[in-house]
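> Dropping a prediction and its sequence here:
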Amino acid sequence: MSEPITYRRFTNDDIAAAHALTVELKWPHRADDWRFVAQLGIGFVAEDASGVIGTALCWKFGADRASLGMVIVSPAQQGRGIGKKLMELVLKELGGRVTFLHATPAGQPLYEKLGFRAVGTLDQHQGAAFQPPLVSLPPGERLRPLGSSDTARLVELASQASGLDRGEVLPALLSCADGIALDRDGELVGFALFRRFGRGFAIGPVVAPGSADSSRAKALISHWLALNEGVFVRIDTPGESGLTEWLEQLGLPRVDTVVKMVRHAAPGGAANSTTHAANAAYATKAAGEDASCLQFGIINQAIC
């Protein structure tokens, strides 16, 4: 007979058990990576007499947006409806918020049954044997270190690029990440953060004005790669960003592609503005015109 399963809120005391689940599934997350996402969000666990056997977390952005992730069920316990129950608890917590997630092929059918639909893709690039080129910036633009007075502008740019309120997430990231700014005649117009994650380090978010050659985003990314040659680095880029071929040529192969999905967003409606605004901006970039702020690298696949 199967052990009875109970469900409850995720607490900081669950981080060690949650980390053990990711190790079992060969996910790269460290215990510190769990602490970071847990402190910013709300979650639930499934447990039986053996301990925690499943997790699901979510993050609220402003009044009407959210994301969810870290949906994990122990391989030995799969097929018992645990993942579906955890998702139902998270979705009840989020209510009618427009909610985003990144789905693996295994998870996509469940998410579709729960009302999510595909709106894009995300490419995961990683490696350590890269040779970043020197990328030229337009006249009047330069890279500079971030300053303590830049935080409000960083929040503004990150929120604009992602379509999600970054008022809480960005300050938390800045407490554990290094950053480089893109400056245009004294105005901060883009940035990229670099922090410990998983097997090495992660670049993201990467936010910059778009152009036909994506030179600003490439300059921001190349800055961190040039400082960390031989170090294991990961970056997750929206499929429509057009950076995949360039990153692979640098020595950061694409190792996975997941599907971006959304719930409670009417096709073409205002609630779906995050995706439609991004697609329109990338289209402007592809046409050879400068676009406003775009997200070329995300924070991570859970927080988006």
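The structure has been received and is ready for your questions.

> Need the CA coordinates for whichever helix or strand L170 is part of. CSV is fine.
Taking DSSP states H and E as the criterion, L170 maps to helix 169-174. Coordinates of the C-alpha atoms in helix 169-174 are reproduced here as CSV (Å, rounded to 0.1, in the frame of the first residue of the first chain):
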residue,chain,number,x,y,z
VAL,A,169,13.4,40.7,-7.6
LEU,A,170,16.0,43.2,-8.9
PRO,A,171,17.2,44.5,-5.5
ALA,A,172,17.4,40.9,-4.3
LEU,A,173,19.5,40.0,-7.4
LEU,A,174,21.8,43.0,-6.9
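
> If you count neighbours, what's buried in that helix?
Going by neighbour count (16 or more other Cβ atoms under 10 Å), the buried part of helix 169-174 is V169, L170, A172, L173, L174. Where you see a C-beta, it was placed from the backbone N, CA and C, and this is true even at glycine.

> Low-confidence ranges, the protein, go.
The chain contains residues with pLDDT under 70 at 1, 268-291.

> Domains of it: list them as residue ranges, please.
Domain ranges of the chain: 6-96, 125-297, per automatic domain parsing.

> G210 touches L294, doesn't it?
Yes: the pair G210 / L294 is scored as a contact, 4.5 Å apart, by Cβ atoms under 8 Å.

> Dump the buried residues of helix 169-174 to CSV, plus distance to N12.
Listed next are the buried residues of helix 169-174 as CSV, based on distance: Cβ to Cβ, whole Å:
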residue, distance to N12
V169, 18
L170, 22
A172, 15
L173, 19
L174, 22
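
> Out of those, the closest to A66 would be?
Within those, the smallest distance to A66 is 12.0 Å, found for V169 (Cβ to Cβ).

> so what's the closest one up against?
By Cβ atoms under 8 Å, 6 or more residues apart in numbering, the contact list for V169 reads L40, W59, F61, A158, I299, I303.

> What's opposite the third one in the beta bridge?
Looking back up the chat, that one is F61. With DSSP bridges applied, the residues forming beta bridges to F61 are R65.

> Specify the beta-bridge partners of the nearest residue to L252 once chain neighbours are set aside.
Counting by Cβ to Cβ, 6 or more residues apart in numbering, L252 lies nearest to H125, which is 4.2 Å off, once chain neighbours are set aside. Note on H125: beta-bridge partners by DSSP bridges are I235, R254.

> Correct me if wrong: H125 contacts V255.
Yes: assessed by Cβ under 8 Å, H125 is found in contact with V255 at 7.0 Å.

> okay, those two: which has more neighbours?
More neighbours surround H125 than the other of H125 and V255, with 25 against 11 (other Cβ atoms under 10 Å).

> Okay, and which of the contacts of V169 map to strands?
W59, F61 (DSSP state E).

> got a winner among the contacts of V169 for most neighbours?
I299 (29 neighbours).

> show me the contacts for that residue.
Per Cβ under 8 Å, 6+ apart, neighbours of I299: V169, L173, G204, P205.

> which helices and strands does the one helix or strand T257 maps to pack with?
Secondary structure from DSSP H and E places T257 in strand 254-263. Judged by 3 or more Cβ pairs under 8 Å, 6 or more residues apart in numbering; DSSP states H and E, strand 254-263 is in contact with strand 98-103, helix 108-113, strand 117-127, helix 244-250, helix 273-286.

> Distance to S241 added to the contacts of V169, as a markdown table?
Listed next are the contacts of V169 as a markdown table, based on distance: Cβ to Cβ, whole Å:
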| residue | distance to S241 |
| --- | --- |
| L40 | 24 |
| W59 | 22 |
| F61 | 21 |
| A158 | 15 |
| I299 | 15 |
| I303 | 18 |
